[in-house]
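>>> I'd like to go over a predicted model; first the sequence, then the structure.
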Amino acid sequence: MLIAAAVCPCPPLLVPEVAAGAAPELDALRAACLDAVAALAAARPERLIVAGPAEQAGRGAHAQGATGSFHGFGVDVEVRLGGVAPEPGAERGGEAGDGASGRPLPPSLAVGAWLLERAGWDVSPVEGLGVGEPLAAERCIQVGRKLAASAERVALLVMGDGSACRTLKAPGYLDERAAAFDAEVARALAAADTAALAALDEHLAYELKAAGRAPLQVLAGAAEGAGLKGELRYDEAPYGVGYFVARWA
């Protein structure tokens with residue numbers, strides 16, 4: 001069952017080498033993310049799954065030891081999920097798609113792996129799950145239920161951004177619906193309201209470029225009936241993108 005979860009945004013700018021001169025602007029966000037990961041560690045799960053949005057090539061399961069990098073962002077930074085190399089044959093099919101040996105981590109999971117490395121995660125085995133944006137809400141919820149049932153003490157690190165349309169300079173330009181969408185996500189995270197996350201409008205999330213919609217709905221399924229309490233630690237929109245950090249325990 002799910003005993004704890006953390007929600008963090010997944011912009012590569014969280015990695016200081018990627019952000020370069022702008023790195024100090026996100027210091028508070030990094031600190032909140034690392035605090036959320038520390039709370040996961042304190043829960044002592046026996047299995048941690050890092051779930052985040054992924055394009056086609058990155059969807060499905062990624063075994064402990066899978067690697068990713070930020071070379072595409074112009075920096076020589078590499079990460080390894082869980083910090084150790086996978087055992088032969090460790091990659092396996094995931095609940096949202098089939099795993100494939102040797103696939104690099106999608107950017108969202110690479111950011112998650114970076115957070116775990118920075119936090120010195122050594123509590124439990126770590127696996128990744130790349131979730132495709134088109135995955136329907138009901139399917140996301142089913143995936144979450146399966147993850148929660150996969151072990152006695154499961155934790156989730158959910159990587160995903162809110163809308164990308166909060167300002168004129170945002171990646172998706174200004175959309176007046178974005179602030180209300182993000183406010184509802186923030187409220188649901190603060191209250192550990194799984195029904196509200198499950199009810200997020202898929203079409204609206206797509207129009208607002210909210211990359212975290214599907215992973216958040218995986219969380220909704222995993223946390224059903226778990227009785228977790230929520231705590232929202234960060235809710236801002238730097239660069240016009242909604243970023244949230246939350247802890248559920």
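All right, it came through fine.

>>> Now do the contacts for Ala192.
223, 228-230, 248 (CB atoms under 8 Å, 6 or more residues apart in numbering). Bear in mind the C-beta positions are built from the backbone N, C-alpha and C, glycine included.

>>> can you pull the pLDDT of it?
Note for Ala192: predicted pLDDT of 98.

>>> In this protein, which helix is the longest?
When the chain is parsed with DSSP state H, its longest helix is helix 27-42.

>>> Check which residues of that one are buried.
For helix 27-42, a neighbour-count test (16 or more other CB atoms under 10 Å) marks 29-30, 32-34, 36-37, 39-41 as buried.

>>> If we ignore the residues flanking it in sequence, what's nearest the residue positioned nearest the centre of the chain?
Residue closest to the average C-alpha location in the chain (CA atoms, centre = their mean): Met159, at 1.2 Å. Excluding the flanking residues, the one nearest Met159 by CB to CB, 6 or more residues apart in numbering is Gly52, at 3.4 Å.

>>> which strands and helices sit next to the helix or strand where that neighbour lies?
Of the helices and strands defined by DSSP states H and E, Gly52 is found in strand 47-54. When contacts are defined as 3 or more CB pairs under 8 Å, 6 or more residues apart in numbering; DSSP states H and E, strand 47-54 sits against helix 107-119, strand 126-132, strand 154-159, helix 213-222.

>>> Send me the last one as CSV with only the CA atoms.
Think helix 213-222. Only the C-alpha atoms of helix 213-222 are listed here, as CSV (Å, rounded to 0.1, in the frame of the first residue of the first chain):
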residue,chain,number,x,y,z
ARG,A,213,-1.6,15.9,-15.1
ALA,A,214,-1.1,12.2,-15.9
PRO,A,215,1.4,11.5,-13.1
LEU,A,216,-0.8,13.3,-10.6
GLN,A,217,-3.7,11.0,-11.6
VAL,A,218,-1.4,8.0,-11.0
LEU,A,219,-0.9,9.4,-7.5
ALA,A,220,-4.7,9.7,-7.1
GLY,A,221,-5.1,6.0,-7.9
ALA,A,222,-2.3,4.9,-5.7
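
>>> can you pull the buried residues of the helix or strand following that helix?
Scanning forward in sequence from helix 213-222 by DSSP H and E, the next helix or strand is strand 230-236. Residues 230, 232-236 are the ones in strand 230-236 that count as buried (16+ other CB under 10 Å).

>>> Out of those residues, the closest to Glu78 would be?
Tyr234 (26.6 Å; CB to CB).

>>> what's across from the closest one in the sheet?
Val245 (DSSP bridges).

>>> related to what we said a few turns ago, what's the angle between the longest helix of the chain and helix 107-119?
80 degrees (axes from the mean of the first three to the mean of the last three CA atoms, to 10 degrees).

>>> what's helix 27-42 in contact with?
Contacts of helix 27-42 (CB under 8 Å, 6+ apart): 4-9, 14, 16, 48, 115-116, 118-119, 121, 123, 155, 157, 233-234, 236, 238, 243, 245-247, 249.

>>> so how far is it off the chain centroid?
Going by CA atoms, centre = their mean, to the nearest Å, the spacing between the C-alpha centre of helix 27-42 and its chain's C-alpha centre is 13 Å.

>>> Ok, stretch 46-55 next?
Centre to centre, stretch against its chain (CA atoms, centre = their mean), the figure for stretch 46-55 is 7 Å.

>>> for the chain, where's the lowest mean pLDDT among helices and strands?
helix 16-19 (a mean of 94; mean pLDDT, DSSP states H and E).

>>> Give me the buried positions along it.
16, 18-19.
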